[in-house]
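K.L.:
following is a predicted model, sequence given first.
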Amino acid sequence: MNEQHDRPDAGDDDLVAAAGRLTTAISPERDLWPGIEREIAGRQRSRWTPLLAQAAGVVLLVGASSGITYLSIKDQQAPVQQVATELLFERAAFGSNYALGTDYREAHGDLAARLDDELERLSPEARADVETNLALIRAAIADISKALANEPDNALLQQLLLKTYRDELALMQNIGALTQHVMSRQDI
Amino acid sequence: MSDEASCIARAQRSDTRAFETLYRLHVDRVYGLCLRMTGNVSEAEDCTQEAFIQAWKTLNKFRGDSAFSTWLHRIAVNAVLGRMRKSRREQDRVKVVAEIAPAPVSIGDSGNLRDLSDAVDRLPEGARHVFVLHAVYGYSHEEAGNMLGIAAGTSKAQLHRARRLLAQQLTTEGFQA
């Protein structure tokens, strides 16, 4: 803001000079903050919604992309074991109070341990694609978990997290059709 | 880092208490601007609230290129203009009611300045907005034009119109600056 007024006709401009003396700071007759606070607090509470949309988008993107990756790399590999189309989880729960089931963690650890060897067998392009997809999925898992920490009972978030974990396992399985683990999941 | 800069930084990290501090620091000038531009207490309150809510939503875009108060004022002007565009009919109704029974708006001016303040309220919208931003709040024609979405030349023309209309009104009331 210019401190000096830009007045083209300052000579005859007593009016503008007088206007410069008008009160500029006027207190509202009532406190407007509570209404503002309600609105911005509401926005804060719902901040996970765009996060959720983003994470869901990532899951969709990665799902499609990893399918393409699988199709592109399957012919490069020795015959692989058919991957179960639907992974089942043991009882698992998420958020700050929960942890995934033991079988899931074992299967995940097993796959992760073999992943580097399997990636070595891929072409550089396919390997880069797989690694990008895995990074996206893991970022989505981190984001959804963060949202779940705030809303541990949110069923939609739980389902999305479960699906994202499932996609991660499926992607790792697709790479080498490694796993023999089939887990059973009853509920979150 | 100044207190204000510290509050801005904390508010940008979603600290609502810091944002409340910013609100307390700036609300009087933002409300004053809204009141001068709308001439209506209720509209000014709504615009002020809208402005701060919008500021909260876009706070991460504030980079300090201008003073925080200028940034806030720009948002407040947008809130006023947006509200006027959306509720033109409502504005007309309010004007009619105001003509029938003018509600005194206590702005804190006294004597001749109160006459001037009342005369400013009676200016046509475009002339009033420019006069308030330029003559009362001290923004340049470039800044006022930028806030209002008009050219600087248009702002100057509106100021000229405002001065002419004010002079006509106030001459009959014996105004002395």
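P.N.:
Arrived safely, thanks for sending.

K.L.:
now the helices for the chain?
P.N.:
With no chain named, the answer covers chain A. Taking DSSP state H as the test, the helices found in chain A are A:14-19, A:33-45, A:48-74, A:102-120, A:124-150, A:155-176.

K.L.:
you looked at the wrong chain, it should be chain B
P.N.:
Using DSSP H, helices in chain B cover B:3-12, B:16-38, B:41-57, B:68-86, B:88-100, B:112-121, B:125-130, B:141-148, B:152-172.

K.L.:
nearest to chain A, out of those?
P.N.:
The closest of the helices of chain B to chain A is helix B:16-38. By CB to the nearest CB, the value is 3.8 Å. For glycine as for every other residue, the C-beta is placed from the backbone atoms N, C-alpha and C.

K.L.:
the closest one - contacts with which helices or strands?
P.N.:
If you count contacts as 3 or more CB pairs under 8 Å, 6 or more residues apart in numbering or on different chains; DSSP states H and E, helix B:16-38 packs onto helix A:33-45, helix B:3-12, helix B:41-57, helix B:68-86, helix B:125-130.

K.L.:
kindly reformat these as TSV containing distance to residue A:123.
P.N.:
Compiled in TSV, the helices and strands packed on helix B:16-38 are given as follows (distance: least, CB to CB, whole Å):
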stretch	distance to residue A:123
helix A:33-45	46
helix B:3-12	44
helix B:41-57	46
helix B:68-86	51
helix B:125-130	64
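
K.L.:
could you export these as CSV, including mean pLDDT, mean neighbour count and distance to residue A:132?
P.N.:
Listed next are the helices and strands packed on helix B:16-38 as CSV, based on pLDDT from 0 to 100; neighbours: other CB atoms under 10 Å in any protein chain shown; distance: least, CB to CB, whole Å:
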stretch, mean pLDDT, mean neighbour count, distance to residue A:132
helix A:33-45, 83, 15, 32
helix B:3-12, 93, 16, 30
helix B:41-57, 95, 22, 32
helix B:68-86, 93, 19, 38
helix B:125-130, 94, 21, 52
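
K.L.:
tell me if I'm right that residue A:154 and residue A:148 touch.
P.N.:
Yes. Counting by CB atoms under 8 Å, residue A:148 is a contact partner of residue A:154 at 6.6 Å.

K.L.:
compare those two (neighbour count), which wins?
P.N.:
residue A:148 (22 against 18; other CB atoms under 10 Å in any protein chain shown).

K.L.:
pLDDT value on that one, please?
P.N.:
On the pLDDT scale, residue A:148 is placed at 73.

K.L.:
and what of residue B:156?
P.N.:
For residue B:156, pLDDT reads 95.

K.L.:
how about residue B:173?
P.N.:
Reported pLDDT for residue B:173: 63.

K.L.:
what residues are up against residue B:25?
P.N.:
Taking CB atoms under 8 Å, 6 or more residues apart in numbering or on different chains, we find residue B:25 in contact with B:4, B:7.

K.L.:
now the residue most central in space within chain B: closest residue in space that isn't a chain neighbour?
P.N.:
What sits nearest the mean C-alpha location of chain B, by CA atoms, centre = their mean, is residue B:33, with 2.6 Å. Setting aside the residues directly before and after it, residue B:33 is nearest to residue B:76 in space (CB to CB, 6 or more residues apart in numbering or on different chains), at 5.4 Å.

K.L.:
least confident of the helices of chain A, on average?
P.N.:
Among the helices of chain A, helix A:48-74 carries the lowest mean pLDDT (a mean of 57).

K.L.:
for the closest residue in space to residue A:119 that isn't next to it in sequence, give its distance to chain B.
P.N.:
Sequence neighbours aside, residue A:127 is the residue nearest to residue A:119 in space, at 5.1 Å (criterion: CB to CB, 6+ apart). Using CB to the nearest CB, to the nearest Å, residue A:127 is found at 36 Å from chain B.

K.L.:
wait, residue B:126 sits on residue B:159?
P.N.:
No. Judged on CB under 8 Å, residue B:126 makes no contact with residue B:159 at a distance of 10.3 Å.

K.L.:
mind pulling the model confidence for residue 100?
P.N.:
Since no chain was named, I'll use chain A. Reported pLDDT for residue A:100: 61.

K.L.:
I was thinking of chain B, sorry if that wasn't clear
P.N.:
On the pLDDT scale, residue B:100 is placed at 42.

K.L.:
same deal with residue B:168?
P.N.:
Reported pLDDT for residue B:168: 87.

K.L.:
cool, residue B:39 as well?
P.N.:
At residue B:39, the model reports a pLDDT of 88.

K.L.:
can you report how many residues lie near the closest residue to it other than its chain neighbours?
P.N.:
Nearest residue to residue B:39, sequence neighbours excluded (CB to CB, 6+ apart): residue B:121, at 4.1 Å. Residue B:121: 19 surrounding residues under other CB under 10 Å.
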